[in-house]
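**Student:** next comes the sequence, and after it the predicted model I'd like to discuss.
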Amino acid sequence: MSVRGKVALITGAGTGIGKATAERMSADGALVIAGIIGDEERTAASDFTQRILDVRLQSDWDAALADCREQFGGIDILVNNAGLLIEGTAEETDDATWDKIFDVNLKGLFRGCRAVIPEMRQKGGGAIGHLAYSASKGGVTALTRSLATDHALDGIRVNAVCPGTITTPMVEKMFKDTGDIDAARNASIAKHPLGRLASADEVASVITFLCSNDASFITGQSVSVDGERSIR
C-alpha cells in the first residue's frame, strides 16, 4: 500500500490493534511514531520512535506534534487508536466510568484531530483514521463525517474503522474478568456470523489501506471490520 515515506503518528501503539498497525505501516515504508503510555507499552513498541502521549492531555498532543514538525517536517497520517472498552449496562456504569470512556475514546480523538489538522493543512493534506468503540461509536461516526466535510478542500481525508471483537490483550482481559474465559470467548464468537474473532492484523490492514494513497477518494466513511456482527 502507498504509505511509503509518510510520517504516521499512532496512539496506543504499544498493544493490540495499535501495535499491529504500527508494524504494518512500518513494513509498508511509513515512518511510525508510536504514542505510548507506561513502561509496558514502551517495551512493546521498542522498534519505533516513541512519544509519551496520553490522549486526554492537550499538552501531550502539542508536544508530540511539535516533535513531528521539528524532527520529521510535519505529519501525514494520524491513527486515533487509543481507546477503552469497558462493558456494562446503564445500571452498572457510574458517572466516572462513563466520563473516562468518552474522555479517551471521543474527546481524546477530537484533541488529536485539532492538533494535527493545521499541520496537515500546511503540508497540503493528510489522512486521519479513527477506531470507534462501544458507547462512543456514535459520536466518533458523527465526528468523522463532520471533519471529512470540513477539511475535504484541505486535502485531509477522515475515516473510521468499527471493529468487532478482536483478539487483543484488552479483550482477553475482559474475557478473564468474567470468571470463565472460555465461556466468555465462545459467547463472543457466537455473535459473529463468520464464526470466529478477528486478529489485530486484520484490522490493521484496513486502517493502513484507508490511510494510504490507494484510498485517495474515500473519506467520511465508517467501515465495519466485524465479521458481520453489526448486521446480525
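**Tutor:** Received the coordinates, thanks.

**Student:** list the contacts of the spatially most central residue of the chain.
**Tutor:** In the chain, the residue lying closest to the centroid (CA atoms, centre = their mean) is residue 81, at 1.9 Å. Contacts for residue 81 (CB atoms under 8 Å, 6 or more residues apart in numbering) come out as 10-13, 17-18, 21, 129, 131, 207. For the C-beta atoms, the positions are set from N, CA and C on the backbone; glycine is no exception.

**Student:** is it possible to get JSON lines of the residues you listed that adds secondary structure and pLDDT?
**Tutor:** Shown next, in JSON lines, are these (DSSP: H, G, I helix; E, B strand; the rest coil; pLDDT from 0 to 100):
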{"residue": "10", "secondary structure": "strand", "pLDDT": "96"}
{"residue": "11", "secondary structure": "strand", "pLDDT": "95"}
{"residue": "12", "secondary structure": "coil", "pLDDT": "91"}
{"residue": "13", "secondary structure": "coil", "pLDDT": "91"}
{"residue": "17", "secondary structure": "helix", "pLDDT": "93"}
{"residue": "18", "secondary structure": "helix", "pLDDT": "93"}
{"residue": "21", "secondary structure": "helix", "pLDDT": "96"}
{"residue": "129", "secondary structure": "strand", "pLDDT": "93"}
{"residue": "131", "secondary structure": "strand", "pLDDT": "87"}
{"residue": "207", "secondary structure": "helix", "pLDDT": "97"}
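
**Student:** of the residues you listed, which is the most crowded?
**Tutor:** The most crowded member of those, judged by other CB atoms under 10 Å, is residue 10 (33 neighbours).

**Student:** please save the CA atoms from the helix or strand harbouring residue 206 in PDB.
**Tutor:** Assigned by DSSP states H and E, residue 206 belongs to helix 200-211. The C-alpha coordinates for helix 200-211 follow below in PDB (Å, rounded to 0.1, in the frame of the first residue of the first chain):
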ATOM      1  CA  ALA A 200      -5.400  -7.300  15.200                       C
ATOM      2  CA  ASP A 201      -3.600  -7.700  11.900                       C
ATOM      3  CA  GLU A 202      -6.900  -7.900  10.000                       C
ATOM      4  CA  VAL A 203      -8.000  -4.500  11.400                       C
ATOM      5  CA  ALA A 204      -4.500  -3.000  10.900                       C
ATOM      6  CA  SER A 205      -4.700  -3.900   7.200                       C
ATOM      7  CA  VAL A 206      -7.900  -1.900   6.800                       C
ATOM      8  CA  ILE A 207      -6.600   1.100   8.700                       C
ATOM      9  CA  THR A 208      -3.400   1.100   6.600                       C
ATOM     10  CA  PHE A 209      -5.400   0.900   3.400                       C
ATOM     11  CA  LEU A 210      -7.700   3.800   4.400                       C
ATOM     12  CA  CYS A 211      -4.700   6.000   5.300                       C
END
